[in-house]
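Engineer: The sequence and its predicted three-dimensional model are supplied below.
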Amino acid sequence: IGLIMKGLYYQLYTDQVGMIPYSEASDPEITLPKYDEQIDIYRGVISELSQAISIIGNKTETGQGVDRLAENDVLFNGNMQNWKQLANSLKLRMGLRAHGAAGEDFAATAISEAISSGVLADSDALFSSFNQVANIWVEHCNYGDIFYGFGEGGQWKVAEPMVNALSSSNDPRLSLMSKPSPGGEVTIDISQASNKQIAFLKNTLDKAGLVLDADYTWSQTAEDLTITMAENTHHVGLPVRLSPNIKGLFNGNLFSSPVDVVVNKSNEGGDISPSVVMTAAESHFMIAEAIVKGLASGDAASHYQIGLEHAMNLWGTAINDDFAESKMGTLTGSNEEKLEKIATQRWLANYTNGYESWAIVRDTGYPTSAITTSSDNDIRSLSGAMNGAYANRLRYISSAYTSNAANIQEAVSKQGSDVKATKLWWSK
């Protein structure tokens with residue numbers, strides 16, 4: 001279990017920033033560990049996952065007496081075969097991500113071994129929060145730290161790419177992941193707004209599927225814009241990366257908020273959605289991806305369908321006729337179109353696991369709507385030094401430059417500038 005948890009965290013960290021200490025990180029004799037290249041971290045973690053899989057073998061429990069985890073295991077209640085399957089799913093994830101990256105020679109084998117050994121096909125690995133907790137890891141739940149941590153001025157909303165991806169496919173998860181926009185009559189000061197900014201706002205409503213004069217009304221003067229839409233009826237996502245120059249037009253009552261189970265605070269009695277570690281849905285989507293890429297045999301469409309069923313079940317719903325008849329309902333089209341569908345569904349299945357959703361976009365290039373760049377600071381922010389580029393990584397923390405300066409400088413010289421726009425080893 002320790003090797004598997006180590007693998008989960010190293011995959012999380014390296015996919016955020018790139019090169020990190022790995023091979024020397026656990027050596028108590030080394031106080032200034034070197035930063036390993038991502039290819040070596042991936043190779044090493046996959047090897048350790050294989051070791052964990054071998055250690056577990058056919059065992060079903062960790063042991064007896066004090067060695068028996070049972071309910072002390074917050075993921076699988078001590079079921080070692082589930083842990084083995086999680087290791088294989090992580091191995092498959094890392095193999096797919098590494099495949100085709102410069103210099104790799106291990107991904108295809110890792111993918112084949114993981115699928116053959118058995119992934120997490122019928123169970124989910126979820127970290128559950130609790131309504132009544134004290135002195136535990138986090139104060140809130142999935143997004144409580146950011147949803148409540150910035151005060152009332154935060155106005156956190158569900159992003160346009162996710163809402164539109166769900167609504168365009170008549171996905172029954174939409175109303176389970178986001179609330180309808182409050183709506184009503186909204187008056188906005190447009191005295192300082194340009195025509196293109198006003199047009200961008202209208203286009204946002206149109207892209208959400210709203211029809212002028214049917215779903216909303218639009219009354220405009222030189223000074224004010226009044227929009228009226230039915231209350232608590234329509235789902236409208238907030239465009240991401242909005243410039244401060246246009247944010248004033250995007251009144252919060254026009255846009256959807258996360259559902260309560262995603263943002264509820266602990267200790268207040270409300271239900272709290274679990275945080276996703278790995279799901280059966282993603283496991284099946286990844287097998288489908290491997291098949292489409294020619295890295296595994298089998299029926300990709302069948303695994304895609306099973307993945308959809310598990311993904312829906314995670315949110316307490318099921319595939320309905322409207323979704324089944326949509327573009328996303330079946331795995332059809334060219335290979336590239338199939339890969340787009342698979343990546344989009346993996347992205348959605350990782351809601352509440354934001355770092356992995358972000359990694360999926362950077363790795364696959366899908367969904368394209370989630371890759372937001374800017375060339376016009378009046379609409380979408382250029383984000384200072386990023387100059388409109390998409391964020392491909394996080395920067396190293398500033399303290400690393402004083403505590404381990406020589407090694408981090410060497411990492412930057414190999415990997416590229418320590419800026420968010422620098423692509424990681426496996427990125428598209």
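Structural biologist: Cool, the structure landed. Residues are numbered from 1 along each chain as shown.
Engineer: can you list the weak-confidence ranges in this structure?
Structural biologist: For the chain, the stretches flagged by pLDDT under 70 are 129-155, 266-267.
Engineer: what's the spacing between the most centrally placed residue in it and Arg395?
Structural biologist: Closest to where the C-alpha atoms of the chain average out (Cα atoms, centre = their mean) is Ser357, at 1.9 Å. Look at Ser357 and Arg395: by Cβ to Cβ, to the nearest Å, they are 20 Å apart. Any C-beta I mention is one placed from the backbone N, CA and C, and that applies to glycine too.
Engineer: next SSE after the host helix or strand of the residue nearest to the centre of the chain?
Structural biologist: Element membership of Ser357 [criterion: DSSP states H and E] is helix 354-364. Going down the chain from helix 354-364, the next helix or strand is helix 400-403, by DSSP H and E.
Engineer: Give me the distance from that following helix to the chain's centre.
Structural biologist: The chain centre lies 29 Å from the centre of helix 400-403; the measure is Cα atoms, centre = their mean, to the nearest Å.
Engineer: repeat for stretch 242-250
Structural biologist: 25 Å.
Engineer: do stretch 70-80 as well
Structural biologist: For stretch 70-80 - counting by Cα atoms, centre = their mean - the centre lies 25 Å from the chain centre.
Engineer: do stretch 372-386 as well
Structural biologist: 22 Å.
Engineer: measure that stretch end to end?
Structural biologist: Start-to-end span of stretch 372-386 (Cα to Cα, to the nearest Å) is 12 Å.
Engineer: now swap in stretch 378-385 and tell me
Structural biologist: In stretch 378-385, first residue to last residue: 16 Å (Cα to Cα).
Engineer: try stretch 386-406
Structural biologist: End to end - Cα to Cα - stretch 386-406 spans 25 Å.
Engineer: If we go by neighbour counts, what in the helix holding Ser357 is buried?
Structural biologist: For helix 354-364, the neighbour count (16 or more other Cβ atoms under 10 Å) marks Glu356, Ser357, Trp358, Ala359, Ile360, Val361, Arg362, Asp363, Thr364 as buried.
Engineer: With distance to Arg43 as added columns, please give these in CSV.
Structural biologist: Output for these, formatted as CSV (distance: Cβ to Cβ, whole Å):
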residue, distance to Arg43
Glu356, 20
Ser357, 25
Trp358, 23
Ala359, 18
Ile360, 21
Val361, 24
Arg362, 20
Asp363, 17
Thr364, 21
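Engineer: who are the neighbours in contact with Ala208?
Structural biologist: Ala208 makes contacts with Glu160, Val163, Asn164, Ser167, His234, His235, Val236, Gly237, as judged by Cβ atoms under 8 Å, 6 or more residues apart in numbering.
Engineer: rewinding a little: what lies in contact with the helix holding Ser357?
Structural biologist: 12, 15-16, 96-97, 276, 339-340, 343, 346-347, 350-351, 366-367, 370-371, 392, 423-424, 426-428.
Engineer: Show me the helices in the stretch 101-250 of the chain, by range?
Structural biologist: With helices called from DSSP state H, counting those that start in this stretch, the stretch 101-250 of the chain shows them at 107-117, 144-147, 160-167, 174-177, 195-207.
Engineer: Tell me which of those helices sits nearest to Asn72.
Structural biologist: helix 144-147 (24.8 Å; Cβ to Cβ).
Engineer: my guess is Thr62 contacts Asn72, does it?
Structural biologist: No - counting by Cβ atoms under 8 Å, Thr62 sits too far from Asn72 to count as a contact (9.5 Å).
Engineer: Which residues are in contact with each of these two?
Structural biologist: Gly78.
Engineer: Please identify which of the two sits among more neighbours.
Structural biologist: Applying other Cβ atoms under 10 Å to Thr62 and Asn72 shows that Thr62 carries more neighbours, namely 17 against 9.
Engineer: which residue packs closest to that one, ignoring adjacent ones?
Structural biologist: Leu69 (4.8 Å; Cβ to Cβ, 6 or more residues apart in numbering).
Engineer: List the contacts of the one you found.
Structural biologist: Ile1, Glu61, Thr62, Asn77, Gly78.
Engineer: if we can go back for a sec, looking at the contacts of helix 354-364, which are in helices?
Structural biologist: Within the contacts of helix 354-364, residues falling in helices by DSSP state H are Leu12, Asp15, Gln16, Leu96, Arg97, Leu339, Glu340, Ala343, Arg346, Trp347.
Engineer: Now, of the residues you listed, which are buried?
Structural biologist: Asp15, Leu96, Arg97, Leu339, Glu340, Ala343, Arg346, Trp347.
Engineer: So the third one sits against Lys428, correct?
Structural biologist: It stands for Arg97. No - at 10.8 Å, Arg97 and Lys428 do not qualify as touching, with contact defined as Cβ under 8 Å.
Engineer: returning to that earlier point: off-centre distance for the helix holding Ser357?
Structural biologist: 6 Å.
Engineer: Now secondary structure and distance to Ile46 too, for the contacts of Leu69, in JSON lines please.
Structural biologist: Converted to JSON lines, the contacts of Leu69 look like this (DSSP: H, G, I helix; E, B strand; the rest coil; distance: Cβ to Cβ, whole Å):
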{"residue": "Ile1", "secondary structure": "coil", "distance to Ile46": "17"}
{"residue": "Glu61", "secondary structure": "coil", "distance to Ile46": "26"}
{"residue": "Thr62", "secondary structure": "coil", "distance to Ile46": "23"}
{"residue": "Asn77", "secondary structure": "coil", "distance to Ile46": "27"}
{"residue": "Gly78", "secondary structure": "coil", "distance to Ile46": "25"}
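Engineer: now those residues as CSV including distance to Val186?
Structural biologist: Below are the contacts of Leu69 laid out as CSV (distance: Cβ to Cβ, whole Å):
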residue, distance to Val186
Ile1, 52
Glu61, 58
Thr62, 57
Asn77, 49
Gly78, 53
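Engineer: Pick the one among these closest to Gln51.
Structural biologist: Proximity of the contacts of Leu69 to Gln51 (Cβ to Cβ) peaks at Ile1, which lies at 12.3 Å.
Engineer: How about residues contacting stretch 59-68?
Structural biologist: Where contact means Cβ under 8 Å, 6+ apart, the residues beyond stretch 59-68 that reach it are Ile1, Leu69, Asp73, Gly78, Asn79, Met80, Gln81.
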